[in-house]
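*Asks:* sequence below, structure please.
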Amino acid sequence: MVFSKDGRWTNVVQVGGTASTMGLHIVSATVVGLAFGYFLDDYFGTKPWLIMIFFLLGVMAGFKMVIEDFRKLQRREEARKQGSLKQDGDGSAGDDQSEG
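*Replies:* Presented below is the predicted three-dimensional model:
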């Protein structure tokens, strides 16, 4: 059966989604840094210095976002192992409202 009840596919999809997001973060931050550097170089006439500076800043920002995503994935996995996430219809995780 394709959809098993033990949650293997859910875990695969979550990890795959996080991994693809990490790749997009690196690429998008680099492209944004290059674009800023290109337009600022064109405006100030300082080619190629601002392109190089903003390229490096974009790469650093991309890796910073990847590290944050990785830490978020680790926290989610630790919470799942500790059983702090409610599952199987117990309500939403983190529901702080009392039922009184």
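*Asks:* once you drop chain neighbours, what's closest to residue 58?
*Replies:* Of all residues not flanking residue 58 in the chain, residue 33 sits nearest, at 2.1 Å (Cβ to Cβ, 6 or more residues apart in numbering). (Each C-beta comes from the backbone N, C-alpha and C, glycine too.)
*Asks:* and that neighbour, what is it in contact with?
*Replies:* 54-59, 61 (Cβ atoms under 8 Å, 6 or more residues apart in numbering).
*Asks:* could you do residue 36 as well?
*Replies:* Taking Cβ under 8 Å, 6+ apart as the contact definition, residue 36 lies against 50, 54, 58.
*Asks:* to what extent is the first one buried, counted in neighbours?
*Replies:* Using other Cβ atoms under 10 Å, the number of residues around residue 50 comes to 19.
*Asks:* what about the residue nearest to residue 58, which helix or strand?
*Replies:* helix 8-44 (DSSP states H and E).
*Asks:* perfect, that will be all.
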